[in-house]
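Enquirer: predicted model, plus sequence, below.
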Amino acid sequence: MVVELVAAAVAGGLVYVLAAARIVKQYERALVFRLGRLRPGLREPGFTMIVPAVDRLQKVNLQIVTLPVPAQEGITRDNVTVRVDAVVYFRVVDPADAIVRVEDYRFAVAQMAQTSLRSIIGKSELDDLLSNREKLNQGLALMIDSPAVEWGVNIDRVEIKDVSLPETMKRSMARQAEATRDRRARVINADAELQASRKLAQAADAMADTPAALQLRLLQTVASVATEKNSTLVLPFPVELLRFLDRSQQTGEAGGARGPREVVAGEESAEHVLEPEDVEEVDVDAAVRAAGLGALEPGSGTRAPGAPGAGPAPGETEGPQGPEGAGEGGAPTELWSQDDSEFTSAPEPPESDTESER
């Protein structure tokens, strides 16, 4: 009977120990609720005992928790629609507050991270999201950590993982980056040209002091071209000769435009071209009177009868005439008047004594 009682007591003790025994891991802390009231103090890692059916042991993980934040879509301050996702690293520093003050501290931190991320997107510009992420990470961590302190949670750090942009914005940024690189390339090329021009100016000054250096440089260029197997023949041609030929051609064209000039003096026949300004007006009547030819009858194309030197007028038959202007045998000579349709006969002059004697 005694043996049975002892065996029963041992069995009951074993059952009690098995029911009351708990194991707390190194990275955990345990809280004991006795009849719903939190017992003071924490249960350290290792073996611990509770009162079965009276106490309830709740363990809290003190490790750093990695919580991914789903991608949040928002509009930046410069009106660009983006999608940003992040990750939050936190850990529990006060197990009692994490269990008592908030129902589920993991879910609470996740929701706070999402709202803070959307808020930080609206307060920032696109350039800040792309290039100044460290500052945004610090601001986001501060926004999440402010309410989480009361929950016994410490936000270790927050990292923005990715910023998704629309395709049109990506193409625009690619064109902007390409234009910037092109501008830098042009500036570098212009700087190189400036330096090369300065070196060439120095080389030109040195060659101007020593003309033989220019010939040596020319021969070196010809030799470098002739090294390759080609059919190219390089003939140096001085530029000064081209300028001389150009000036000669311009001089010849200017001389041809001015017209013919006088023939050089000393030749057998000298010619002179009369210019319009060299011709003077001549009084015809005065020239006729000076020559003794007589005056022209006004309104008629014939000279006055008996005028010396009167020859055949246009339209009359020309024949041998005597000294007095009569035809052969003293026949009257037809004269042409100004009227083309009328011909008149000049009166036959009387024979003089001299004529009869002849």
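Expert: Nice, I can see it.
Enquirer: going forward, measure contacts and count neighbours with C-alpha atoms only.
Expert: Will do.
Enquirer: select the longest helix from this structure.
Expert: With secondary structure taken from DSSP state H, the chain has its longest helix at helix 167-209.
Enquirer: what angle separates the next helix or strand after it from helix 167-209?
Expert: Next along the chain after helix 167-209, taking DSSP states H and E as the criterion, comes helix 211-226. Counting by axes from the mean of the first three to the mean of the last three C-alpha atoms, to 10 degrees, helix 211-226 points 130 degrees away from the direction of helix 167-209.
Enquirer: so Val82: helix, strand or coil?
Expert: For Val82, the secondary-structure state derived from DSSP: H, G, I helix; E, B strand; the rest coil is strand.
Enquirer: cool, the one 4 residues further on as well?
Expert: Secondary structure assignment for Ala86 (three-state DSSP): strand.
Enquirer: what's the local residue count around it?
Expert: By the measure other C-alpha atoms under 10 Å, the count of residues near Ala86 is 21.
Enquirer: ok, now which ones touch it?
Expert: Ala86 makes contacts with 68-71, 117, 158-162, as judged by C-alpha atoms under 8 Å, 6 or more residues apart in numbering.
Enquirer: now with 10 Å, please.
Expert: Ala86 makes contact with 67-72, 113-114, 117, 137, 140, 158-163 under the criterion C-alpha atoms under 10 Å, 6 or more residues apart in numbering.
Enquirer: can you pull the pLDDT of it?
Expert: Taken from the predicted model, the pLDDT recorded for Ala86 is 92.
Enquirer: same check on Glu351?
Expert: Per-residue confidence (pLDDT) for Glu351: 51.
Enquirer: go on, Ala20?
Expert: Predicted confidence (pLDDT) for Ala20: 86.
Enquirer: low-confidence stretches in this protein?
Expert: For the chain, the stretches flagged by pLDDT under 70 are 228-241, 254-358.
Enquirer: mind listing the strands for it?
Expert: In the chain, the strands defined using DSSP state E lie at 21-24, 28-34, 37-38, 46-49, 55-61, 65-75, 81-92, 153-164, 334-336, 343-345.
Enquirer: so which of these gets nearest Leu214?
Expert: Distance to Leu214, taken as C-alpha to C-alpha, is lowest for strand 153-164 among the strands of the chain, at 62.4 Å.
Enquirer: what's the most buried one of the strands of the chain?
Expert: When neighbours are counted by mean count of other C-alpha atoms under 10 Å, the highest per-stretch mean among the strands of the chain falls to strand 334-336, a mean of 21.
Enquirer: quick one: list the elements packing against the longest helix of the chain.
Expert: In this structure, helix 167-209 makes packing contacts with helix 211-226, judged by 3 or more C-alpha pairs under 10 Å, 6 or more residues apart in numbering; DSSP states H and E.
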